[in-house]
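based on what follows, work out the 3D shape:
(2 chains)
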Amino acid sequence: MSVIVVLLVASISVAALFLAAFLWSVKSGQYNDEASPPIRILFNDATITETATKSVDEHNHTTEQKIETIP
Amino acid sequence: MSKSFTGVATACYHCGEDCGSEPIQAYDKNFCCEGCKSVYEILNKTGMCDYYAISNNPGSSQKIKVRHNQFAFLDDDSVQKALTVFKDDTQTHVTFYLPHMHCSSCLWLIENLHRLNENIISSKVNFTRKEADIVFNHAKISMRKVAELLTSIGYEPYISLQNLQQQKPRINQSKIYKLGVAGFCFANIMLLSFPEYLGIDDKEKNLAGLFRYMSVLLSLPVILYAATEFYNSAFKSLRHKYLNIDTPIVLAIWVTFIRSMIEIFTHTGSGYLDSMSGIVFFMLVGRILQDKTYEQLNFDRDYTAYFPIAVSRIKNNNEEIVTLPNIQLDDTLLIHHQELIPADGILTKGKALIDYSFVTGESIPVEKQMGEMIYAGGKQLGSNIELLVIKEVAQSYLTKLWNRSTFKEAEQKSKHSFVDALSRYFTWIVFTIAAIAGLYWYMHDVSKLWQAVTAVLIVACPCALLLSNTFTNGTILRRLGRNNFYLRNAATIETIAKVDYIVFDKTGTLTTGRYENITYNGMPLAESLKRKIATLAAQSTHPLSKAIVQWLKVSSGAKITGYREIPGKGIEGIVEDEWIAIGAKTFITEQEANADDTSSVYFSLEGTMIGKFIFKNSYRPGLHTLRRQLQNKYALAILSGDNAGEKNYLQSLLGFNAITLFHQKPNDKLLFIEQLQSKGYTVMMVGDGLNDAGALQQANVGIAVSENSNNFTPASDVILDAAQLHRLPAFIQLAKANRWIIITAFIVSILYNIIGIYFAVQGILSPMIAAILMPASTISIVFITYGLSNLYAKKLRLK
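Here you go, the predicted structure:
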């Protein structure tokens, strides 16, 4: 019998986690724009590495950019 | 003709438009104009030609050039402050509206702005709203430079006076939170009630008790938080002494809750908490479906969205930037080509050629002489002019019309839906049943009285009606939206169904407002003469001259001397030794012109009249079918700000019973609608321009027709894509169907209610029956409304 209580607590806490995740996702604006993320994900990684290396100095920056944009 | 030399039309590599007879060739590619070529050059230099790989010809045409100091106003501190979202020591966040954004290439390019200019830190696009949040280092690059960079790659930010005055309202997400909470609680209460429904051993009484108390705990967020959505509306309606549908629902929710509490704490039953939270959950789903709006569209635009944020002012012989609210009387404004006149004033310098098509509906630009009055709202074409302000922006003729106080009153008068009335009857019937059941048990078995009465109230709560209503409205709104007929809200559906008088505007609504339909009337034209006429006409910036050049389809490369332009009359010049004049009737033939004469341009060779070009409005396709479908059911009228040159054609287009009025000023249109309404008509106004703005707001349903829903449209209830205008009858039909679909779904759900009441009046409604009836009825409602709406839409051949 007590095992049911344990299961119950577990199930409700898991559900509560999902609720929290849902509320967070709404709050962080993930549902504000449903059009651009599906397009964005299809772009070349070039742009992502680009942003990551942004802090690298000027010279590096431009050469790297040229290499990356070669399809 | 000349096209046959180039064979197949070449599409511009950048924007995909036809390059015409002489494409600009560079980098092995064809461009339609220098603008497109220069965008390509910028992108090529930074190695960003991926832009062209993602979609074909992704750019937008750069034929209309941007003035070099167009964004000078962004150097102004107060303008910057209004546009800035966030600012710290190094970074500025700004949100620009970029109406040219339309495909995945656009998204890619704008999110890679930092590769074009290293001082831009990041940019993030919201595609539905066509906005870009740009973060830049303001120590290294100014806001003006950012805007100019965007413009140089073909995405000119649209900044209007509205940006200065108000912040965009944030989307209200509280309903979504409530839905999440209600869903969570509903599912878990259901889970906890299951053992009880399936039968729990007497030995495990303690466990059953624990489940019940946990249900109580889980129901608290529902009743105290999720259901507040309905409390607000019920409270508001009570304060206005009007019973809307939410009032009996709130009553039912509370009766259910209190009875469940009593049962659980007195250990006499398990309560109906699962049904209660389920109902709240489904009703919230319905509400959200129905209230889903078109974020990217703006139905509340006023003149501020149309007017620029700042203009140039001349003070002490210096040009300076002044924001619109700071324009004062007696200021001298400098208006450039393609710029909007922001305030009523007197022309003091330059030659004004003002395009009022959007304001008054006149399709042909008006020439104004020095000293003449110019009304705000028109667009200057041609050279720069100077203007002495005689009325402040907010006092201008147009803005005053727009700000009429009656509109605000009309908004206050809330629309009462037929569903509210239906729910009132329903509530009375339920109260009667409850009273009869109560009376019966009072005489027979008092112990069952409380149970029977509360059970009736629980079962018969009009939530089924609310669900039918919200789900049907939601489906129909979405269906109409898919056909580019965007409604401001669900209440509009009902008003559309009631319409019995439809008023159309002409320019821009029934016609396209472009000069595509030209006929020539006169002596036959030799190819050489055509070339000469084209050469002469090409010298002028007047749209009619430009249209003639296009229509003649010959290159305009003849030699011309002694060119002269006589404002308000025409142009003349000696082209290859022949004196040619083109212009108005009075200019060429010296005869009095009739005001209602069709827009014609005459021309003469060596002083003798040879012929005329007749400009006819080009009407949108499908208007005849529109007439056929509408004329028997609705009274029709056309109000045009234009001349009566096409009265006969319009009359044949809309049938002879239709009223056609011409030379209508914005205020005349508004009064016409007011008159119809005082006669008891429910009026639908279909219009497009600022001149219709008053009428659109006055009408019961105002439909703004737009070639591109992202363009400016005046405040209205509906935004309709111009290409879909001929389907208006089908849209109205679907709106009318809304009512009977709701009623059908409601009747079906009443059948479930009758079963419930059958148990309830006997005082034997078990929580399990309630828990089965509630979702069953909800699901059938969803299927019926969804199925019927979509079936009917298909029958009307809507997408």
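
per-residue confidence for residue 67?
I went with chain A, as the question did not name one. For A:I67, the model assigns a pLDDT of 38.

sorry, I should have been clearer: chain B.
Note for B:R67: predicted pLDDT of 65.

could you chop chain A up by domain?
What the record gives for chain A is the domain set A:1-32, A:33-71, from automatic domain parsing.

helices along the stretch 101-250 of chain B, start to end?
Counting by DSSP state H, counting those that start in this stretch, one finds helices in the stretch 101-250 of chain B at the ranges B:104-111, B:113-116, B:143-152, B:161-165, B:174-198, B:205-221, B:228-239, B:246-265.

and if you look at the stretch 351-500 of chain B?
Under the criterion DSSP H, counting those that start in this stretch, the stretch 351-500 of chain B contains helices at B:357-360, B:397-402, B:405-412, B:418-444, B:449-459, B:463-482, B:491-498.

what does chain A give?
With DSSP state H as the criterion, chain A has helices at A:2-27, A:36-40, A:46-52, A:58-69.

sheet-wise, list the partners of the helix or strand B:I321 falls within with their directions.
Using DSSP states H and E, B:I321 sits within strand B:318-323. Within its sheet, strand B:318-323 is paired with strand B:310-315 (antiparallel), according to DSSP bridges.

list the buried residues of the partner strand.
The neighbour-count check on strand B:310-315 (16 or more other C-beta atoms under 10 Å in any protein chain shown) flags B:310-314 as buried. To be clear about C-beta, it is placed using only N, CA and C from the backbone, and glycine gets the same treatment.

check stretch B:421-441 too.
Within stretch B:421-441, the residues that count as buried by 16+ other C-beta under 10 Å are B:422-424, B:426-427, B:430, B:433-434, B:437-438, B:440-441.

next one: the strand holding B:I321 to chain centre, how far?
33 Å (C-alpha atoms, centre = their mean, to the nearest Å).

name the residues that touch it?
Applying C-beta atoms under 8 Å, 6 or more residues apart in numbering or on different chains, the external contacts of strand B:318-323 come out as B:72-73, B:75-76, B:78-79, B:164, B:309-314, B:331, B:334.

and the domains of chain A, which one's lowest on average pLDDT?
domain A:33-71 (a mean of 52).

please pick out the residue of chain B most distant from its centre.
Here the centre of chain B is the reference, and by C-alpha atoms, centre = their mean the most remote residue is B:K203, at 64.3 Å.

how close does that residue get to A:L8?
Applying C-beta to C-beta, to the nearest Å, the value for B:K203 to A:L8 is 18 Å.

ok, B:A139 next?
Per C-beta to C-beta, B:A139 is found 59 Å from A:L8.

what of B:I582?
Remark: distance between B:I582 and A:L8 (C-beta to C-beta) = 89 Å.

more neighbours, those two?
It is B:I582, of B:I582 and A:L8, that has more neighbours when counted by other C-beta atoms under 10 Å in any protein chain shown, with 25 against 17.

following element in sequence after the longest helix seen in chain B, please.
Ranked by number of residues, the top helix in chain B under DSSP H is helix B:728-761. Using DSSP H and E, the next helix or strand after helix B:728-761 towards the C-terminus is helix B:767-795.

which residue does chain B have closest to chain A?
Closest residue of chain B to chain A, C-beta to the nearest C-beta: B:F127 (3.9 Å).

contacting residues for that residue?
Neighbouring residues of B:F127 by C-beta under 8 Å, 6+ apart: A:33, A:35-36, A:39, B:101, B:107.

quick one: contacts for B:D668?
Residues counted as contacts of B:D668 (C-beta under 8 Å, 6+ apart) are B:639, B:661.

what residues sit buried inside the helix or strand where it lies?
Under the criterion of DSSP H and E, B:D668 resides in helix B:666-678. The neighbour-count check on helix B:666-678 (16+ other C-beta under 10 Å) flags B:666, B:668-670, B:672-674, B:676 as buried.

average pLDDT across that helix?
Helix B:666-678 comes out at a mean pLDDT of 87.

relative to the whole chain's centre, how far out is it?
Helix B:666-678 has its C-alpha centroid displaced from the chain centroid by 23 Å (C-alpha atoms, centre = their mean).

now the two most distant members of the buried residues of helix B:666-678.
B:P666 and B:L676 (16.5 Å; C-beta to C-beta).

the helices of the stretch 351-500 of chain B: which one's closest to B:K736?
helix B:491-498 (4.4 Å).

tilt between the closest one and helix B:418-444?
100 degrees (axes from the mean of the first three to the mean of the last three C-alpha atoms, to 10 degrees).

now do helix B:491-498: which elements does it pack against?
Identification of packing neighbours for helix B:491-498 by 3 or more C-beta pairs under 8 Å, 6 or more residues apart in numbering or on different chains; DSSP states H and E yields helix B:463-482, strand B:701-706, helix B:728-761.

would you mind naming what in the stretch 601-750 of chain B lies close to chain A?
Residues of the stretch 601-750 of chain B lying close to chain A by C-beta under 8 Å from any C-beta of the partner chain: none are found.

tell me the one of the buried residues of helix B:666-678 nearest B:K175?
B:I673 (34.8 Å).

got a list of what the closest one touches?
With contact taken as C-beta under 8 Å, 6+ apart, B:I673 is in contact with B:503, B:683, B:685, B:695, B:698-699.

going by distance to B:Q631, which of these wins?
Scanning these for proximity to B:Q631, where the rule is C-beta to C-beta, the winner is B:V503, at 13.9 Å.

next, the closest one: phi, psi?
Note on B:V503: backbone dihedrals following degrees, to the nearest 10 are phi -110, psi 130.

OK, contacts around it?
B:V503 touches B:636-639, B:669, B:672-673, B:676, B:683-686, B:695, B:699, counting by C-beta under 8 Å, 6+ apart.

secondary structure added to these, as CSV?
CSV is the format used below for the contacts of B:V503 (DSSP: H, G, I helix; E, B strand; the rest coil):
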residue, secondary structure
B:L636, strand
B:A637, strand
B:I638, strand
B:L639, strand
B:K669, helix
B:F672, helix
B:I673, helix
B:L676, helix
B:V683, strand
B:M684, strand
B:M685, strand
B:V686, strand
B:A695, helix
B:A699, coil
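
nearest to B:N30, of these?
B:V686 (40.3 Å).

tally of neighbours for that closest one?
Each residue near B:V686 was counted by other C-beta under 10 Å, and the total is 25.

my read: it touches B:I502, true?
Yes - the criterion here is C-beta atoms under 8 Å, and B:V686 meets it with B:I502 at 6.8 Å.

which residues do these two both contact?
In terms of C-beta under 8 Å, 6+ apart, B:V686 and B:I502 are not both contacted by any residue.

leaving aside the residues next to it on the chain, what's closest to B:M190?
B:D274 (4.9 Å; C-beta to C-beta, 6 or more residues apart in numbering or on different chains).

is it true that the one you found lies in a helix?
Yes - looking at B:D274 with three-state DSSP, it is inside a helix.

who's in contact with it?
Residues counted as contacts of B:D274 (C-beta under 8 Å, 6+ apart) are B:186, B:189-190, B:193, B:215, B:767, B:771.

again, 6 Å this time
With contacts defined as C-beta atoms under 6 Å, 6 or more residues apart in numbering or on different chains, B:D274 is in contact with B:189-190, B:193, B:771.
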